[in-house]
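Model the structure of this input:
(one chain, ligands or ions: 1)
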Amino acid sequence: MIFESHAHYEDKAFDEDRESLLDGMRDHQVGTVINVCSTVESLQKTIDLTKRYDFIYGAVGIHPSETAELTEEIFEKIRKLCALDKVVAVGEIGLDYYWKEPDPEYQKMWFERQLLLAQEVGLPVIIHSREAAKDTLDMMKALHAEKSGGVIHCYSYSKEMAAEFLKLDYYFGIGGVITYKNAKKLKEAVEYLPMDRILLETDSPYLTPVPNRGQRNSSWNLPYVAEEIGQIKGISAQDVIEITEKNAQKLFGIMTKNERIA
Ligand code: NI
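Residues are numbered from 1 along each chain as shown. This next block holds a predicted model:
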């Protein structure tokens, strides 16, 4: 089954049909979904989704572009949420210099604090890094990000940078962008990466793969991503689905149903 490692189903883009979309996941071969927080408002909404759907797990944290909303009180709330059974990661956290709001120094402060929180509570991180490769890597090295482990979500840098993140034993989230014609650099990085470091993700409602590009995204589109990765790696889409599911189960500590029964 497909393991969707990064979606935002609390987003208002799903208000109209969230229930029917989520109810249809299994019919579309999607077995597990990580709903990833970005804003303060998304924290409780994500927890609510994990309570309502057995196949949805949560990542709690604040996106770099939303850190202006962060306060000590909210940071404490995130710490408490980390103790919940179905919270499996801290994220998404990181640096976004495409939108230089808030100031990069402020983004760095909250990236550091949330990264260290993950180490403290023993959860992996989901990292958002956009046009901030060097600072992200420098901070991860300085703060020993290998202690928590995690994934660079929506990986968008070169294969040379991928080699650096690999040294920290990180995973790489690959989504719809891999199907775009102009994604040459990303295709090179995926060609280079070992299969046991790749996770499938959508970042729904964003980054819809070809042939549905332009429409709202959902995990139902992940077979197109698996197909493209399979072509690059010379394996079947089904192999990509199975390998990336195992990778994600390992990273997020989610056992399969059979293992749970045993
Ligand atoms: Ni996201």
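
now Ile229: how far from Val125?
23 Å (C-beta to C-beta, to the nearest Å). For every residue, glycine as well, the C-beta is placed using N, CA and C.

Please read the previous query as pertaining to Lys147.
Lys147 is 10 Å from Val125, by C-beta to C-beta.

of these two, who's got more company?
Using other C-beta atoms under 10 Å as the criterion, Lys147 and Val125 rank with Val125 on top: 27 against 14.

any idea what sits nearest the more buried one, other than its immediate chain neighbours?
Nearest non-adjacent residue to Val125, counting by C-beta to C-beta, 6 or more residues apart in numbering: Gly150, 3.6 Å away.

So that neighbour is in contact with Tyr170, correct?
Yes - contact criterion C-beta atoms under 8 Å: Gly150 and Tyr170 qualify, at 6.0 Å.

what residues do the two have in common as contacts?
Ile127 (C-beta atoms under 8 Å, 6 or more residues apart in numbering).

Pick out whichever of those two has more residues nearby.
Between Gly150 and Tyr170, counted using other C-beta under 10 Å, Gly150 has the larger neighbour count: 29 against 23.

Which neighbouring elements make contact with the longest strand along the chain?
Taking DSSP state E as the criterion, the chain has its longest strand at strand 87-96. The helices and strands touching strand 87-96, judged by 3 or more C-beta pairs under 8 Å, 6 or more residues apart in numbering; DSSP states H and E, are strand 30-36, strand 56-60, helix 104-121, strand 125-130, helix 133-142, strand 150-153.

Among the ones you listed, show me which one is buried the most.
Ranked by mean neighbour count under mean count of other C-beta atoms under 10 Å, these are led by strand 150-153, which reaches a mean of 28.

Just after it, pick out the following helix or strand.
helix 159-167 (DSSP states H and E).

got a list of contacts for that following helix?
133, 137, 140, 152, 155, 172, 185, 188-189, 191-194, 197.

quick one: low-confidence ranges for the chain?
Low-confidence segments of the chain (pLDDT under 70): 256-262.

Might one say that Ile34 is in contact with Gly253?
No - with contact defined as C-beta under 8 Å, Ile34 does not count as touching Gly253 (11.8 Å).

Need the overlap of contacts for the two.
Common neighbours of Ile34 and Gly253, counting by C-beta under 8 Å, 6+ apart, are Val88.

Assign Ile235 to helix, strand or coil.
coil (DSSP: H, G, I helix; E, B strand; the rest coil).

count of residues packed around it?
By the criterion of other C-beta under 10 Å, Ile235 has 15 neighbours.

any idea how far it lies from Glu188?
For Ile235, the distance to Glu188 - C-beta to C-beta - is 18 Å.

OK, contacts around the nearest residue to Tyr155 once chain neighbours are set aside?
Leaving aside its chain neighbours, Tyr155 sits nearest to Phe172 (4.4 Å; criterion: C-beta to C-beta, 6+ apart). Counting by C-beta under 8 Å, 6+ apart, Phe172 makes contact with Val151, Ile152, Tyr155, Ala162, Phe165, Ala189, Val190, Leu193, Arg197, Ile198, Leu199.

Checking Phe172 next. Helix, strand or coil?
Per three-state DSSP, Phe172 ends up strand.

so where do the helices sit in the stretch 151-262 of the chain?
For the stretch 151-262 of the chain, helices defined by DSSP state H, counting those that start in this stretch occupy the ranges 159-167, 184-192, 222-233, 237-252, 257-261.
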